[in-house]
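Participant: Sharing a sequence plus its predicted fold:
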Amino acid sequence: MLLAFALSYLAMTALCLAMPRHHKLLLGGEPRPTRRRGLRALAVLGLGFGLALCGLLHGGEIGAVLWLCQLMLAGLLLVAVLAWRERWVLPVAVLLPALGVAALLF
Amino acid sequence: MSLRQSMAGLHTWGGLLPSWLLYVIILAGTIACFDKELDRWMRPALHAGEQASMGADQVRDWLQRNVKDELHAFWMHPPTEREPYWRLGWEVDKTQRVQSIAFDPASGQPMAETVGGDFFFVLHYALHAGQAGIYIVGLAGMFMLVALVSGVIIHRRIFKDFFTLRPRANGQRAWLDAHNLFGVVGFPFHLVLAYTGVAIFVSSYMPAGLQVAYQNDVEHFFSEVMGAYHREELHRPAAPPVSLDALVAESRQRWGGGEPGWISVHHPGDASAVVDIRRFGTSRIAQPKETLTYDAASGELLHRQQAPAGYSTYSWLAGLHMAQFGGSLVRALYLLLGLAGCALLVGGIQVWLRKREARGGAGIGVVRALNGAVFAGLPLASLALLWGNRLIPAGLAERASAEAWVFVGSWLLVALWAVLARRQPRRLLSQQLALGAVLASGLPLLNGLTSAQGHLLASLPRGDWALAGVDLFLLAGGLLCALCAWHLAKPQAVAPARGRRVLAEEVA
C-alpha cells in the first residue's frame, strides 16, 4: 500500500511539474512542451499502476476506494511540502517509492 | 447578475450559516470511524482482551431473568474482532424506548454503563435529537452538496491553482488557498460522503412514495424493500423457544461458513415470534444481505432474504459511507479525509472573517464567538467526555447520562468562555489549544492510572494496536495542540516583505 501511495505522490508531483509555475520554482526555467507531455504521461502511468496495485492487494471494489482516498491524501501531502519545504518535494518523490518497494519486498 | 455572481452569494451564505453544524457532524463522523475502538477504550473491562465464552442462549436467559415486561423485540450481537463482547438490546412493547447493555467477557455480567463510541455516531447522524435531529442533519448535508457544487462553479482556476498554497501571503489569500486546496483535492471524498450520507435516510427525507403506496406502513415498506420477512402478531402466547445457538449453527452451515451478526427476535412473547439472523461480513462495501428468518418455537426456516437490486444499490451507497469494509486502513483514510473536511470548513469561515475584518462589517463578533464555541468546543467537550468516562465511579446509577452531561456541561463552559473572550480571538485560541493539549495528553496517563491492562506500557508489548492507537492518537493530538499553542503565544511577527514579493511573482 505504501508503494501505491508513493506512486500517487509521484503522479501528483509529475502533474505539478508539468505546470510552468511549479516547474520554474522546483527545477528552474520554463518547461518545453515535450517535457510537459512526458511528465503528464508519467503521471498517467503512476496513477494507473497505483490503481492496479490497490486492485491487486484489496480487490477491485475496495481497492478503488482505497486508491482514491490515498490519492487525495498524496495530493494534500505534496501541497503541504510544496508550501513549507519546497526543496524536499523531489527528494520525497524518490524516497517514498524506494520505501514502498522495500516495504513490498521485506 | 451572472451565474458565477449569484453562485458566489449562495456559496458565501449557504456555506457560512450551516458550517458550524456541518463541523459538528463531520468531526463527530470522523471520530465515529473508530467508534468501536473508542468503545473498547471506554470499557476497562475489555482492556485485557479476553475472549467471551457466553452463547446466545445465555444472553437470552439473562434477559428473561432480569426483564419481566412484555417485549416488542430484542436483539443481540456476538463478539467480533473489533467488539470482543456480547451486546444486547431490547424494546418494551408500546414504549418505543430502547435499552441496551454489554456483557463483560470474563464474568458474563453487564459492564459499567457508558455512552461509548456510539455517542459520536449518534451525534453524527442525529445530534442526539431523535427524528428531528435526523432532519436537521439531512438539511445540513443538502446544504453541503449545494456549497460543493456552487464552490466548483465560482472557482475560476481549479486546475491552475490545484497545487497552490501560499501560507506566507496575507490572511485572506492564504486561507482562500487552504479552503480551495481542501475543497478541490478532497472534492471526491466530500461529495461522495455528503451524497451517500443524505441518501442513507432517503426514506425519511422523501417519504411521499412510502405514504402513498404503503399508507405510511413503515414496517411493511421496509420488509418489502429489503426482501425481508415480517409476520403480524397473533396475540396468542408463545410456545417454548428453540435454542438460539442451534439456529446460529444452522445459519453458519447454510451460509457455507459465514459468521452471524445481529440476531433479533420479534414479538418474543407471542406465537408469531420469529428469529432473524443477519450475516456479518467486512469483505465487501455493502453489508451482506443474507438474513435467515426462523420460527422461534419450531426452528423452521421461514425465509431467506433476497434483496432486490434497488436495495442492493442502496446498501452499497450506505456501506461506502459507513466504512465497515476493508479494515483499519479504510477507516484511517476516512479519518484523515474527514479531518480535511473540518479544515475545509474552518478555512472557509476564515476567508469570510479575514475579508470583513479588513474593511469592517456586521456579524464579525458573532462569527468569532461561534468559532471559539464550536470549532474548539466540540473537541474539548469530547476530551472532557473521555475524562468523565474514567473519573465517574463505575457503580453510579445512570452512569451513561452522567457522561453525556459532562460532555454537554463542558461544551457550554467553553461556549461561554468563547463568547466572553471573542474580542481577542488569537489569545482565546492559544489558551484553548493549551487546554486541549493538557486534556489530550493527560488521557493516556489517566488510562494508565485507572486500567491495569489498558495503558500503553501494557497494550504496546501485547501488540494491541486497536487500544494503543487511541492513546497514541491522543498523545499525538496533544503534542500538536501544544506546538500550535506555543507558536501562537509567541509575539506576532510583522508580516515579512518577502511574502508580498513572492506573491507578486506567482501571480505574474
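Facilitator: Sure thing, it's come through. Since the structure is predicted, the reported quantities are computational estimates derived from the model, not experimental observations.

Participant: then the host helix or strand of B:Leu302 to CSV, C-alphas only?
Facilitator: With the criterion set as DSSP states H and E, the secondary-structure element containing B:Leu302 is strand B:301-304. Included here for strand B:301-304 are C-alpha records, laid out as CSV according to Å, rounded to 0.1, in the frame of the first residue of the first chain:
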residue,chain,number,x,y,z
LEU,B,301,-36.6,-21.8,8.2
LEU,B,302,-39.3,-19.4,7.1
HIS,B,303,-37.5,-17.1,4.8
ARG,B,304,-34.2,-16.4,3.1
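
Participant: now for it, which elements pack on it?
Facilitator: Under the contact criterion of 3 or more CB pairs under 8 Å, 6 or more residues apart in numbering or on different chains; DSSP states H and E, strand B:301-304 touches helix B:244-254, strand B:292-295. C-beta here means a position set from N, CA and C on the backbone, and glycine is covered the same way.

Participant: Quick one: distance of the shortest one to the chain centre.
Facilitator: Here the centre of strand B:292-295 is set off from its chain's centre by 31 Å, with CA atoms, centre = their mean, to the nearest Å.

Participant: same check, this time on the first one
Facilitator: Between the centre of helix B:244-254 and the centre of its host chain there is 32 Å, according to CA atoms, centre = their mean.

Participant: and what of stretch B:41-55?
Facilitator: When distances are taken as CA atoms, centre = their mean, stretch B:41-55 is centred 22 Å away from the chain's centroid.

Participant: Need the distance between the two termini of it.
Facilitator: As for stretch B:41-55, its first-to-last residue distance stands at 24 Å under the measure CA to CA, to the nearest Å.

Participant: what's in contact with that stretch?
Facilitator: Stretch B:41-55 is contacted from outside by B:40, B:79, B:84-86, B:102-106, B:108, B:111-112, B:114-117, B:244-245, B:386, B:389, B:447, B:450-454, B:458-459, B:462, B:464, B:467, B:470-471, using CB atoms under 8 Å, 6 or more residues apart in numbering or on different chains.

Participant: Mind doing that once more with 6 Å?
Facilitator: Stretch B:41-55 has contacts (CB atoms under 6 Å, 6 or more residues apart in numbering or on different chains) with B:40, B:79, B:85-86, B:104-106, B:108, B:111, B:114, B:116, B:245, B:389, B:451, B:453-454, B:470.

Participant: What residues of it count as buried?
Facilitator: Residues of stretch B:41-55 classed as buried: B:41-48, B:52, B:54 (neighbour count, 16 or more other CB atoms under 10 Å in any protein chain shown).

Participant: name the element the closest residue to B:Gly116 other than its chain neighbours belongs to?
Facilitator: Leaving aside its chain neighbours, B:Gly116 sits nearest to B:Asp39 (4.2 Å; criterion: CB to CB, 6 or more residues apart in numbering or on different chains). Assigning secondary structure by DSSP H and E places B:Asp39 in helix B:35-41.

Participant: what about that helix, average pLDDT?
Facilitator: Taken as a whole, helix B:35-41 has a mean pLDDT of 95.

Participant: What of stretch B:140-153?
Facilitator: In this model, stretch B:140-153 carries a mean pLDDT of 96.

Participant: buried ones in that stretch?
Facilitator: Of the residues in stretch B:140-153, those buried by neighbour count under the rule 16+ other CB under 10 Å are B:140-144, B:146-148, B:150-151.

Participant: Which residues does it contact?
Facilitator: Residues from elsewhere that reach stretch B:140-153 (CB under 6 Å, 6+ apart): B:7, B:10-11, B:14-15, B:18, B:21-22, B:25, B:183, B:190-191, B:194, B:197-198.

Participant: Pull out the CA atoms of the one helix or strand B:Gly209 maps to and give them to me as PDB.
Facilitator: Taking DSSP H and E as the criterion, the element that holds B:Gly209 is helix B:208-213. The C-alpha atoms that make up helix B:208-213 are tabulated as PDB, following Å, rounded to 0.1, in the frame of the first residue of the first chain:
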ATOM      1  CA  ALA B 208     -44.100  10.700  -0.300                       C
ATOM      2  CA  GLY B 209     -43.900   7.300  -2.100                       C
ATOM      3  CA  LEU B 210     -44.000   5.500   1.200                       C
ATOM      4  CA  GLN B 211     -47.000   7.400   2.300                       C
ATOM      5  CA  VAL B 212     -49.000   6.800  -0.900                       C
ATOM      6  CA  ALA B 213     -48.000   3.300  -1.800                       C
END
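
Participant: Ramachandran angles for B:Pro18?
Facilitator: Listed backbone geometry of B:Pro18 is phi -80, psi 0, with angles given as degrees, to the nearest 10.

Participant: Chain neighbours aside, what residue packs nearest to it?
Facilitator: B:Phe143 (4.4 Å).

Participant: Helix, strand or coil: sort out that neighbour for me.
Facilitator: Counting by DSSP: H, G, I helix; E, B strand; the rest coil, the backbone at B:Phe143 sits in helix.

Participant: quick one: the host helix or strand of B:Leu320 near chain A?
Facilitator: Following DSSP H and E, the helix or strand that holds B:Leu320 is helix B:309-322. No. Residues of helix B:309-322 contacting chain A under CB under 6 Å from any CB of the partner chain: none, with a closest distance of 7.0 Å.

Participant: care to break chain B down by domain?
Facilitator: Taking automatic domain parsing as the reference, chain B has its domains at B:3-42+B:120-192+B:336-498, B:54-99+B:228-306.

Participant: Would you agree B:Ala394 is in contact with B:Glu113?
Facilitator: No. B:Ala394 is not in contact with B:Glu113 according to CB atoms under 6 Å; the separation is 8.8 Å.

Participant: Show me which of those two is the more surrounded one.
Facilitator: B:Glu113 (21 against 13; other CB atoms under 10 Å in any protein chain shown).

Participant: relative to helix B:309-322, how tilted is the helix or strand containing B:Gln350?
Facilitator: B:Gln350 belongs to helix B:327-359 when elements are defined using DSSP H and E. With axes from the mean of the first three to the mean of the last three CA atoms, to 10 degrees defining the directions, helix B:327-359 sits at 70 degrees from helix B:309-322.

Participant: Secondary structure element holding the closest residue to B:Pro110 other than its chain neighbours?
Facilitator: For B:Pro110, the nearest residue in space outside its immediate sequence neighbours is B:Ile101; the separation is 4.5 Å by CB to CB, 6+ apart. Using DSSP H and E, B:Ile101 sits in strand B:98-102.

Participant: what pLDDT, on average, does that strand get?
Facilitator: Along strand B:98-102, the predicted local confidence has a mean pLDDT of 91.
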